[in-house]
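S.K.: Starting from these lines, generate the structure:
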Amino acid sequence: MRKKVELKEFSTKDLNDRLQSERAEYVKMKLDHAVSPVENTSKLREVRKEIARMFTELRRREIIEQK
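M.R.: You can find the predicted model right below:
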């Protein structure tokens, strides 16, 4: 998983691409968990937090561009 500091190094396009892939992974993991419980449920939480970090970084960049 990427940390907040590392997310700043990505370009906006790369960050959007990563966000889409992480969201797809999260949806797949969630469906898999509904069918048969995943051993490590904390992985779902980690992916969800990573997605939130990406949204936060994109929003930060959007605010900077507006100024």
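S.K.: Tell me the secondary structure at E9.
M.R.: At E9, secondary structure determined by DSSP: H, G, I helix; E, B strand; the rest coil is coil.
S.K.: list the contacts for it?
M.R.: Counting by CB atoms under 8 Å, 6 or more residues apart in numbering, E9 makes contact with nothing. Every residue, glycine included, has its C-beta placed from N, CA and C.
S.K.: Backbone dihedrals for it, both of them.
M.R.: Main-chain dihedrals, E9, degrees, to the nearest 10: phi -80, psi -20.
S.K.: Would you map the helices across the chain?
M.R.: 4-7, 12-35, 42-66 (DSSP state H).
S.K.: Quick one: mean pLDDT over the longest one.
M.R.: Along helix 42-66, the predicted local confidence has a mean pLDDT of 94.
S.K.: just the first one next, same as before
M.R.: Taken as a whole, helix 4-7 has a mean pLDDT of 72.
S.K.: quick one on the thing from earlier: how about the helices of the chain in CSV, adding mean neighbour count?
M.R.: Listed next are those as CSV, based on neighbours: other CB atoms under 10 Å:
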stretch, mean neighbour count
helix 4-7, 12
helix 12-35, 13
helix 42-66, 13
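S.K.: Hmm, T12 is touching E62, no?
M.R.: No. T12 is beyond contact range of E62, at 9.1 Å (criterion: CB atoms under 8 Å).
S.K.: And the residue positioned nearest the centre of the chain, how close does it get to I63?
M.R.: The C-alpha lying nearest the average C-alpha coordinate of the chain belongs to I51 (CA atoms, centre = their mean; 2.1 Å). When CB to CB, to the nearest Å is the yardstick, I51 and I63 sit 19 Å from each other.
S.K.: repeat for E39
M.R.: Taken as CB to CB, the span from E39 to I63 is 39 Å.
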